[in-house]
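*Asks:* Give me coordinates for this.
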Amino acid sequence: MTEDAKPFALVVRFTVRPGAEAQFDALVADTAAGIRASEPGTLIYACHHVDGQPRQRIFYELYRNRAAFDAHERSPHTRRFLAEREPLLEDKAVDFLALADGKTPVNDQAGT
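*Replies:* Modelled structure (predicted):
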């Protein structure tokens, strides 16, 4: 698979400041609406709450390829999210992933 065809994924763990959970979740909802409306290369953009850890949020993001991720990062709704999330956060950790094997929406769309 060429670099242009490889899916691009990441996992992000956020720890939201105490009392900022609702504001952070509203910002995520606005961002996700923009992604659904205008990012065909974003295959999965999922924000999860963590059982037993009310201030934790885990995002899983899967993009058709690196170019789709770069387009996502340049979009107005993502730029707003990146700017407005910082005061709401206590901590964040990002892990970029390299697909070793599996079944993804990228495979399904390629007919493999």
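*Asks:* longest strand in the chain, by residue count?
*Replies:* strand 53-63 (DSSP state E).
*Asks:* where along this protein do the strands fall?
*Replies:* 8-16, 42-50, 53-63, 89-97.
*Asks:* Stretch 56-63: which residues count as buried?
*Replies:* By 16 or more other C-beta atoms under 10 Å, the buried positions in stretch 56-63 come out as 56-57, 59, 61-63. All C-beta spots, glycine's among them, are computed from the backbone N, C-alpha and C.
*Asks:* Might one say that residue 77 is in contact with residue 27?
*Replies:* No: in this structure, residue 77 is not within contact of residue 27 by C-beta atoms under 8 Å, at 9.9 Å.
*Asks:* remind me which residues of this structure are low pLDDT?
*Replies:* 1-4, 106-112 (pLDDT under 70).
*Asks:* center of this protein - which residue?
*Replies:* The residue lying closest to the centre of the chain (C-alpha atoms, centre = their mean) is residue 61, at 3.8 Å.
*Asks:* which residues touch it?
*Replies:* Residues in contact with residue 61, defined by C-beta atoms under 8 Å, 6 or more residues apart in numbering, are 9-12, 42, 44-46, 69, 72.
*Asks:* swap in residue 14?
*Replies:* Applying C-beta under 8 Å, 6+ apart to residue 14 gives the contacts 24, 56-59, 85, 89, 91-92.
*Asks:* Of those, which is the nearest to residue 31?
*Replies:* Among those, residue 85 lies closest to residue 31 (C-beta to C-beta), at 8.9 Å.
*Asks:* Would you agree that closest one is in contact with residue 24?
*Replies:* Yes: judged on C-beta under 8 Å, residue 85 makes contact with residue 24 at a distance of 6.8 Å.
*Asks:* neighbour count winner among these two?
*Replies:* Counted by other C-beta atoms under 10 Å, residue 85 and residue 24 do not tie: residue 24 has more neighbours, with 21 against 18.
*Asks:* okay, the buried residues of stretch 56-63 in JSON lines with distance to residue 97 next?
*Replies:* Below are the buried residues of stretch 56-63 laid out as JSON lines (distance: C-beta to C-beta, whole Å):
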{"residue": "56", "distance to residue 97": "19"}
{"residue": "57", "distance to residue 97": "18"}
{"residue": "59", "distance to residue 97": "12"}
{"residue": "61", "distance to residue 97": "9"}
{"residue": "62", "distance to residue 97": "9"}
{"residue": "63", "distance to residue 97": "11"}
